[in-house]
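**Q** got a structure for you, letters missing:
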């Protein structure tokens, strides 16, 4: 079995790589930071007898998405974990436009391209798994002060839902699902420039729950922790205007 993980140099992606190596998967690890990838590969090979390849590239450049796919097209990837992504924080009129468009390219466009390319191969074989790492933000009705980030994760969630239904109606054995955690203790906070009021779950626990619910339970939307499950369920009931006001109050305290 072969797994390809984007954003593998830290956080959920790094932990997913270790978990999958323990399960006996060979790995293709993708991220921008070569030194981090080399360190992770060495750590895995020290413990597990699996093949590990590393690819350093920036997937916010769509050309690199196509190059990545072409470079592994004939290897038969069984599991794709679309984990690469980042967030920004601040009033929409004051956040940096270039940073936001790069975020949209990575969080949405890269996920879209890689999902489509690998899914075509998987549907032909009638086997395979794709886990898109989204966020509980994608289950809400917008996020003041993190407007663009919430929008990107909503895109990932809704894209995943639609593909999942198409596959079910086709009777396909291929799985596509979305992992939607709340705060996770990763480098996300530093990159986005925020501090969460809620205690974050560990990246390891998040990866364990995500992979278990994807590979064993084939769950379409995976929300780790009871607290986030309740919050996500409540968000579907509360009127949008009220939910946005509550979200704004919470978000404004994160800086």
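**A** Structure's in. What do you need? Keep in mind that what you see is a predicted model, and the values were worked out from it rather than measured.
**Q** wait, residue 119 sits on residue 176?
**A** Yes - using CB atoms under 8 Å, residue 119 is in contact with residue 176, at 6.9 Å. C-betas here are computed from N, CA, C, even on glycine.
**Q** so, low pLDDT: which residues of the stretch 151-255 of the chain?
**A** Within the stretch 151-255 of the chain, the ranges that satisfy pLDDT under 70 run 187-199, 228-229, 231-255.
**Q** likewise for the stretch 1-150 of the chain?
**A** In the stretch 1-150 of the chain (pLDDT under 70), no residue qualifies.
**Q** and the strands in it, which stretches?
**A** Along the stretch 1-150 of the chain, the segments classed as strands by DSSP state E, counting those that start in this stretch run 2-6, 26-31, 52-56, 79-82, 129-133.
**Q** and the helices in this protein, which stretches?
**A** All helices of the chain, identified by DSSP state H, fall at 11-22, 34-47, 62-72, 97-104, 111-125, 147-170, 188-192, 203-215, 226-235, 240-251.
**Q** so which of those helices comes closest to residue 140?
**A** Residue 140 sits nearest to helix 226-235 of all the helices of the chain, at 5.2 Å, using CB to CB.
**Q** what's across from the closest residue to residue 215 other than its chain neighbours in the sheet?
**A** Distances taken as CB to CB, 6 or more residues apart in numbering put residue 129 closest to residue 215, at 6.3 Å, once the chain neighbours are dropped. Taking DSSP bridges as the rule, residue 129 bridges to residue 79, residue 175.
**Q** please state the offset of stretch 12-31 from the chain centre?
**A** Relative to the chain's own centre, stretch 12-31 is displaced by 14 Å; criterion: CA atoms, centre = their mean, to the nearest Å.
**Q** that older thread, quick check: neighbours shared by residue 119 and residue 176?
**A** Residues touching both residue 119 and residue 176 (CB atoms under 8 Å, 6 or more residues apart in numbering) are 130, 163.
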